[in-house]
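# quick one, what's the 3D model for this:
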Amino acid sequence: MKRCTLPRIRPRLVRYARTRPAFKDRLPAKPAKSSSDDVTLEDAVDALGERKGTTRSRFATSNGRSKSTQVDSRLTQFQHKSPAQIERELKETFARDGVEYDPLFVQQMIRRSKQEENIINDTMKGGSALQKVTEEEVTSFIDWLIDDCITRLPDQGVGESEIERGVDEKMEKVMRVKNDDKSLIDAFSSVYELADELRPSGLSKLKEFLSVISKPDNGEIRKMVPIEKMVKLFEISGQLLDDKLRDECVYLSGNLIYSSTKARADPINEKLYIETLVNHGDFQRALDLYTSRKSKPDVIDQRFWLEVGIGIYLRMGSDEVEKAELLAREMKDKYGYIHPIVISTFIDRYLRLSRLDKATEWVQEMKEVMDSYGLVDHLEVPGPQLLDDPQQVYDYYNRIDPVSYDHVTDCVIDFLKYRQVPEAMEVIMTATRRDRQYLLYLVGYIAENVSYPGREYLLQVLKGSEDGNAEGPQFNPAISSFIQSELENFRPTKCSSIEEVIVLDECSFFLTKQLANPKVDSEMKLKISSLISSISIGAKLTSHECKDMMKIILRSNSRKGYTLASKVLSQMNRGLEKEHGEDGMLPPANAHIYLTLVQVFGRRPKPKTREIEELLETMKGLGIPTLTVLANQVVLAYRKGKQYSKALRFIDEYLREGEEEESFKPTSEFFQNVLVTYREGLMQDGGGEDGNYKFRLEKLRWLFKSILSSPGWKLDEGLCNEAVMTFMTYGDYASTICVLESYGMEMKKDIGNDLMVAIKLKLEAKLMKLNLEGEEIDQYRRECGILSVRKDLKPDRVNNWRDAAEVIIRYMEATGYGLGGKSSDEVKQRSKDEFEGELIELERMYGLPEVGLGEIS
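Numbers count the residues shown, from 1 in each chain. So this is what the prediction gives:
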């Protein structure tokens with residue numbers, strides 16, 4: 001349950017002396033303000049004169065030094081106000097005091113006010129100006145900060161909607177002003193009020209200021225802050241309603257006080273400071289403060305101080321829990337009572353440590369308190385307040401309370417949080433026997449405050465008990481039935497199994513931790529928040545949401561993430577079974593979910609191909625079709641891992657199975673990826689013409705034939721380019737010409753300049769590798785080869801498929817059709833005829849018109 005800020009006494013510093021009794025020195029209280037908020041300049045100057053030991057008049061000299069004194073006195077009032085507003089207020093003050101208006105003095109006030117504001121803004125940013133400020137300026141700023149915070153403390157509970165409503169009303173008043181003097185004056189007054197309300201708040205700057213002066217390199221500034229001002233900031237910090245902000249400000253201001261003096265705060269305020277030390281993980285410091293005071297007269301007979309020690313030990317490591325037990329035993333022996341809040345804290349700690357036996361022992365302690373002092377529906381808790389009588393606050397912290405509904409509910413929720421339903425039901429039954437109304441309260445609390453996974457887990461366990469599971473726990477039938485009937489109204493979705501509930505709960509916990517991960521960007525955090533919200537309210541997750549959730553879980557790259565993703569996928573796979581019907585928050589698994597997983601595993605620096613293969617096997621077993629985009633990701637993963645043999649085996653299997661399915665629709669991107677795989681695979685093998693090479697070439701030709709023969713399939717530019725480069729890598733120039741023919745003759749497309757250049761570069765690389773020389777080679781280079789590339793770079797250059805094919809044919813002629821440049825004419829002619837025969841044969845195979853070499857070049 002939420003712990004609120006309780007009554008405290010005003011902070012006092014305590015010194016413990018060795019040679020004399022301890023004493024408490026109360027800090028002087030800040031003088032109360034007069035009934036009028038208007039302070040005259042004379043009052044300010046007189047007050048300043050008393051402080052400096054002089055009664056010099058405000059106008060004693062004309063050199064401006066006395067006016068500088070006035071600036072110091074009046075400056076805080078004018079911070080964060082516009083120059084026009086400062087001048088207006090000073091005119092009113094001069095007129096009210098019957099003094100002649102002094103424009104030079106006003107200008108000085110405006111200039112100093114602006115300087116102070118710049119210093120404040122720079123201070124908030126930790127800027128260089130902080131190192132240049134004087135003690136007078138620091139004191140001035142802290143005075144403003146304290147006064148503004150005290151002024152705004154009562155308005156902390158005002159909601160943003162109320163503030164916005166007030167601003168809107170004033171804006172409406174200004175916008176609808178009538179054109180007469182009275183209305184204009186009222187409108188201007190509203191503008192000034194609005195400006196005052198919207199000016200920076202001391203409460204909003206308190207944490208920033210404390211953080212800045214707490215930095216190690218700002219030691220000189222810290223020395224300028226009087227200890228009584230630090231105590232005042234600590235007092236203000238303790239009255240903040242925002243738990244997180246209060247904890248941070250108390251921690252920072254407490255650190256400043258304890259590092260500046262050997263004196264210590266009174267026990268109540270030191271208790272507050274110790275709690276913030278524990279929250280910030282500074283256990284040793286908290287323990288030192290606790291133990292060094294434990295035997296002092298001001299706490300030796302105070303039960304709450306033992307509770308402070310218990311709180312410290314329970315937040316420390318598991319080895320320190322026994323010390324908390326010893327303090328609890330000492331407390332019970334000395335006072336005969338342990339507060340229910342302390343008991344519930346022990347229960348929560350032991351459940352965190354998976355020590356169910358010890359947690360149930362403390363449940364018995366709660367029952368004893370319930371037997372002795374009863375069970376009540378609620379306890380009156382006073383709000384945050386400062387009291388002058390320490391004994392009142394001591395009495396509050398040492399109070400003996402009966403067990404309340406909230407105390408019991410704390411225990412129940414802790415057990416449910418750790419899925420210990422039998423123990424939770426035991427606590428519920430104990431409380432219900434004493435007060436039947438408690439069950440109504442508990443059900444309402446669970447419905448309103450417990451998220452869907454927690455409610456659903458409880459219902460699943462209770463339902464399992466009713467179904468006669470002999471091995472499972474047995475509960476009171478009446479209580480069990482009542483809880484089920486009431487919570488059924490808050491059950492938007494019924495999970496398919498208790499395992500699904502556990503998985504959802506683990507997902508919610510995992511996602512919540514990811515929100516605090518600094519590596520997660522804002523866009524992803526929005527998705528995480530949406531997923532947590534959907535799980536919390538029990539809304540069925542869509543396939544798209546599950547894809548996002550899988551990506552988030554697996555991107556953590558942790559063992560826990562992989563295990564959780566596996567559990568989620570397992571539950572989604574179970575959703576494909578008919579007996580599950582419509583139940584379940586997770587949708588049945590589909591190809592898109594598996595695609596997401598393959599993408600996550602495949603896009604890692606070292607692709608997890610083993611996990612991908614397991615996913616493919618699971619898909620096959622469940623009958624989930626392999627989409628082309630998924631197949632493409634698999635091929636990319638194999639390529640990235642340089643596992644080309646596995647990639648080509650997968651391609652063969654995928655294409656073979658695809659021929660039997662009408663829904664099989666490979667994409668150009670997939671085929672391009674396949675061609676690159678063939679090319680890179682050959683390059684990895686060194687390009688040798690062994691059995692593996694010939695086998696792959698046959699597969700490659702069969703693949704290109706499949707591409708051209710697929711219904712409605714057209715060869716696009718990207719696929720044409722990849723096919724040309726791949727066939728050229730394999731040295732299959734006849735198939736290369738067929739690709740160009742298909743693209744140019746069948747598709748009626750021109751060949752791009754970039755492809756022409758790529759062909760010539762590829763052939764030049766081959767020439768250099770063959771190390772051939774001669775007139776024919778030189779002529780080829782000049783007319784068609786690398787030396788003719790310049791003309792291909794002209795933007796208006798247009799090439800048809802025959803131009804590109806001619807380059808290949810001229811290369812073949814120059815190299816003797818693969819036999820070398822020094823072969824006889826007869827041998828060259830025979831090789832040419834064989835090449836042309838192969839070309840025509842491949843054209844028939846690919847379903848292309850027969851075009852001989854003579855018809856090309």
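# for the closest residue to Val138 other than its chain neighbours, what are its contacts?
Residue nearest to Val138 in three dimensions, not counting chain neighbours: Met224, with 4.3 Å by CB to CB, 6 or more residues apart in numbering. For every residue, glycine as well, the C-beta is placed using N, CA and C. Met224 makes contact with Glu135, Val138, Thr139, according to CB atoms under 8 Å, 6 or more residues apart in numbering.
# quick one: buried ones out of the residues you listed?
Neighbour-count burial (16 or more other CB atoms under 10 Å) is assigned, among the contacts of Met224, to Val138, Thr139.
# let me know the pLDDT of the residue nearest to Val138.
Predicted confidence (pLDDT) for Met224: 88.
# how about it, phi and psi?
phi -80, psi -10 (degrees, to the nearest 10).
# ok, now Val376?
phi -120, psi 160.
# neighbours of it, how many?
Residues lying near Val376 (other CB atoms under 10 Å) number 14.
# so it bridges to which residues?
Ser404 (DSSP bridges).
# need the contact list for it.
Counted by CB under 8 Å, 6+ apart, Val376 has contacts Pro402, Val403, Ser404, Tyr405.
# can you say which of those residues are buried?
In these, burial by neighbour count holds for Val403, Ser404, Tyr405, counting by 16+ other CB under 10 Å.
# quick one: pLDDT of the first one?
Meaning Val403. pLDDT, Val403: 97.
# now it: closest residue in space, sequence neighbours ignored.
In space, and not counting its chain neighbours, Val403 is closest to Met370: 4.5 Å by CB to CB, 6+ apart.
# wait, what's in contact with the one you found?
For Met370, the contact set (CB under 8 Å, 6+ apart) comprises Pro402, Val403, Thr430, Ala431, Arg434.
# what pLDDT does the model give the last one?
So the one you mean is Arg434. With respect to pLDDT, Arg434 has a value of 95.
# dump the residue contacts of it.
Neighbours of Arg434 in contact, by CB under 8 Å, 6+ apart: Met370, Gly374, Leu375.
# now do 6 Å
Each residue near Arg434 by CB atoms under 6 Å, 6 or more residues apart in numbering is listed here: Leu375.
# phi first, then psi, for it.
Note on Arg434: its backbone torsions stand at phi -80, psi -30 [degrees, to the nearest 10].
# distance of it from Val369?
12 Å (CB to CB, to the nearest Å).
# what does the fourth one give?
Applying CB to CB, one obtains 12 Å for the distance of Ala431 from Val369.
# higher neighbour count, these two?
Ala431 (26 against 20).
# can you show me the helices along the stretch 201-350 of the chain?
202-213, 219-223, 227-237, 243-260, 267-279, 283-293, 303-315, 321-335, 340-352 (DSSP state H, counting those that start in this stretch).
# for Lys606, which of those is the nearest?
Of all the helices of the stretch 201-350 of the chain, helix 340-352 sits nearest to Lys606, with 36.6 Å by CB to CB.
# off-centre distance for the closest one?
30 Å (CA atoms, centre = their mean, to the nearest Å).
# contacts for that helix?
Identification of contacts with helix 340-352 by CB under 6 Å, 6+ apart yields 307, 314, 358-359, 362, 365-366, 369, 403, 407, 410-411, 414, 418.
# what of stretch 506-514?
By CB under 6 Å, 6+ apart, stretch 506-514 touches Val520, Ile528, Leu531, Ile532, Ile535, Leu564.
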